[in-house]
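Chemist: Below is the sequence, then the predicted model.
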Amino acid sequence: MHIMGKEIVVSGIRSTGFLHIGNYFGAIKNYIRMQEDYQCYFFVADYHSLTTHPDPASLKPNVYRVLAENIACGLDPEKVALYVQSDIPEIPELYLMLNMMAYKGELEKTASFKDKARANPENVNAGLLTYPTLMSADILIHKGQFVPVGKDQEQHLEMARTFAQRFNFRYGDTFPEPHPFNFGADLVKIPSLDGKGKMSKSENENATLYLADTDDLIRKKVMKAVSGDAPTEMNSSKPEVIENLFSLMNLVSEPAIIENFETHFNNCTIRYGDMKKQLAEDMVKFIAPIREKAIAIQEDTSYLQGIMKMGAAKARESAAKTLAEARKNMGINFYC
Ligand code: AQP
């Protein structure tokens, strides 16, 4: 039930694999802060994962894992609507409507579409092209105002605003314009450990720290992070890979520890091996408790099924209202 006066938040995570610290710091950390003061709809985006034709047997464990990992991070299914996208039939109906407002040229220009089409030229399907309209439907179906996401989603959000505006212009005021949200700060992009792009569920596996990684695997991945030689000039600017190491440290290490490595960098006495050892231990301290909690939750399938049903009921109530309004405004109301 919509709580009067609370602003509406919507965000989703694709069930394409193991969640990583990019998902945590880009999205989940904000979900947890926002669940206290906003009306929140958080979902597992299983339809979105179908663009790459996953093995049907992998869907269930992947969906259960995303739910379990979100809860292990601190999301409270009593406070928010936590649901699976395919449980809400109103979403694909709104997606169909929004597709009438999305033009081929603008969809083809989307950066993520161009990247994926380039990487997999044999699988440039219509679902991939219209990913931004499905994402818009996910948000607009609840009249979402704020969307906690990482920097990689900024362009998709801009498109969601465009589609909302077009719908409103043509059919009358129906949707608010959704905005990306990070508590007043810039959206974040957690870099991969090899200095090539961002951490991701489906790429760069050895350079991504997953919430399910064992302590030893975390240590191994961090120790292999690209660093290079120590600086030779005092107070020099940091190469990108070193900047990345400091950004990762900023996520999990004590300020005094970071300051100490900053000082050593500035006076050219830094030893990257020591810095990586410290970072690895701080990552282990951060990830291990989440991993252990998620394992326990994931094993309890009847609990997870209960959560999914409860979340779907909350989400469908809000979705049905919005869809009825959108249908009416479009003129699809033939029985009254
Ligand atoms: N590295 C990241 N830094 C900050 N935020 C990130 N997000 C993802 N990676 C980073 C944010 O996490 C949320 C879920 O996004 P997703 O399901 O698209 O996650 P992914 O890891 O990008 O997944 P894939 O399957 O690996 O996608 P592709 O193939 O696109 O790389 C979003 O809020 C996202 O911003």
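Modeler: Alright, I've got the coordinates. Numbers count the residues shown, from 1 in each chain.
Chemist: drop to CA atoms for contacts and neighbour counts, all remaining ones
Modeler: OK.
Chemist: near the ligand, which residues of the stretch 151-300 of the chain?
Modeler: 151-153, 188-191, 198-203 (Cα under 6 Å from any ligand atom).
Chemist: Now for the closest residue to residue 65 other than its chain neighbours: which residues touch it?
Modeler: Residue nearest to residue 65 in three dimensions, not counting chain neighbours: residue 298, with 6.1 Å by Cα to Cα, 6 or more residues apart in numbering. Contact partners of residue 298, counting by Cα atoms under 8 Å, 6 or more residues apart in numbering, are 64-65, 68, 304.
Chemist: In TSV: the residues you listed, plus neighbour count, secondary structure and pLDDT.
Modeler: TSV is the format used below for the contacts of residue 298 (neighbours: other Cα atoms under 10 Å; DSSP: H, G, I helix; E, B strand; the rest coil; pLDDT from 0 to 100):
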residue	neighbour count	secondary structure	pLDDT
64	23	helix	98
65	24	helix	97
68	25	helix	98
304	19	helix	98
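Chemist: Which two among the residues you listed are spaced furthest apart?
Modeler: Pairwise distances across the contacts of residue 298 peak at 9.7 Å for 65 and 304 (criterion: Cα to Cα).
Chemist: Would you mind measuring from residue 108 to the ligand?
Modeler: 16 Å (Cα to the nearest ligand atom, to the nearest Å).
Chemist: Does that residue touch residue 129 like I think?
Modeler: Yes - here residue 108 reaches residue 129: they are 6.6 Å apart, a contact under Cα atoms under 8 Å.
Chemist: Please identify which of these two sits among more neighbours.
Modeler: Between residue 108 and residue 129, counted using other Cα atoms under 10 Å, residue 129 has the larger neighbour count: 22 against 15.
Chemist: Quick check: pLDDT value at the more buried one.
Modeler: Residue 129 carries a pLDDT value of 98.
Chemist: Pull the contacting residues for it.
Modeler: Contact partners of residue 129, counting by Cα under 8 Å, 6+ apart, are 107-108, 113.
Chemist: Could you chop this protein up by domain?
Modeler: Following automatic domain parsing, the chain resolves into domains at 8-181+301-330, 205-294.
Chemist: which one of those has the most crowded surroundings?
Modeler: With neighbours taken as mean count of other Cα atoms under 10 Å, the domains of the chain reach their highest mean count in domain 8-181+301-330, at a mean of 19.
Chemist: can I get the CA coordinates of the helix or strand containing residue 12 in CSV?
Modeler: Residue 12 is part of strand 8-14, with elements assigned from DSSP states H and E. What follows is strand 8-14 as a C-alpha-only set of coordinates in CSV (Å, rounded to 0.1, in the frame of the first residue of the first chain):
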residue,chain,number,x,y,z
ILE,A,8,8.8,6.7,-4.4
VAL,A,9,12.0,4.8,-5.1
VAL,A,10,12.5,2.0,-7.6
SER,A,11,15.6,0.0,-8.6
GLY,A,12,16.5,-3.4,-9.9
ILE,A,13,19.4,-5.8,-10.2
ARG,A,14,19.7,-8.3,-13.1
